[in-house]
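J.: give me the fold of what follows.
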Amino acid sequence: RTAPQTTIARRKMLVSRRRIVLGGGARDTAPEGLTARVARVNVTIARRSGRLCRFLGAQGRFGKRRPCSAVPSVPARVRTPNRVVRWNYAVGAALPKGRYFAFARAIDAAGNAERARTRDNLVSFRIR
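T.: Here you go, the predicted structure:
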């Protein structure tokens with residue numbers, strides 16, 4: 001089986017010093033005879049801090065500095081698991097100035113996870 005694919009809709013992205021709103025879509029494919037279904041979408045938001053990163057948790061607070069490859073994630077809201085789904089994620093947090101990145105990973109019903117960072121599911125932004 002192949003892993004699902006996720007996209008982040010950049011035109012629906014809202015980033016400010018007080019909150020972040022992300023949204024997008026995910027789709028899964030399956031061979032004939034099997035049911036394709038995206039079970040969940042996980043979102044990771046991080047602030048670059050030198051060579052390390054600080055990741056935003058579900059409560060809207062940043063954790064300790066750690067390598068950018070150690071990526072914790074929080075679940076995004078998916079209304080109904082299906083072959084093609086829309087997802088969104090919103091968090092209110094006091095965000096300091098800096099460079100950030102966010103990416104989304106879909107996981108299908110069989111447990112296949114998407115690659116962490118691709119062109120479609122990774123977005124970089126800056127808060128001034």
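J.: so, low pLDDT: which residues of this structure?
T.: 1 (pLDDT under 70).
J.: give the residue farthest from the middle of it.
T.: Taking C-alpha atoms, centre = their mean, the residue of the chain most remote from its mean C-alpha position is residue 33, at 29.6 Å.
J.: so which helix or strand takes in it?
T.: Residue 33 is part of no helix or strand, with elements assigned from DSSP states H and E.
J.: and it, how far from residue 4?
T.: Taking C-beta to C-beta, to the nearest Å as the measure, residue 33 and residue 4 are separated by 18 Å. All C-beta spots, glycine's among them, are computed from the backbone N, C-alpha and C.
J.: check which element follows whichever helix or strand residue 85 is part of along the chain.
T.: Under the criterion of DSSP H and E, residue 85 resides in strand 84-92. On the C-terminal side of strand 84-92, the closest following helix or strand by DSSP H and E is strand 98-108.
J.: mind listing what's buried in that following strand?
T.: 100-108 (16 or more other C-beta atoms under 10 Å).
J.: report the angle between the axes of the strand holding residue 85 and strand 98-108?
T.: Strand 84-92 runs at 140 degrees relative to strand 98-108, counting by axes from the mean of the first three to the mean of the last three C-alpha atoms, to 10 degrees.
J.: is residue 58 in contact with residue 72, as I believe?
T.: No - at 9.3 Å, residue 58 does not count as touching residue 72 under the criterion of C-beta atoms under 8 Å.
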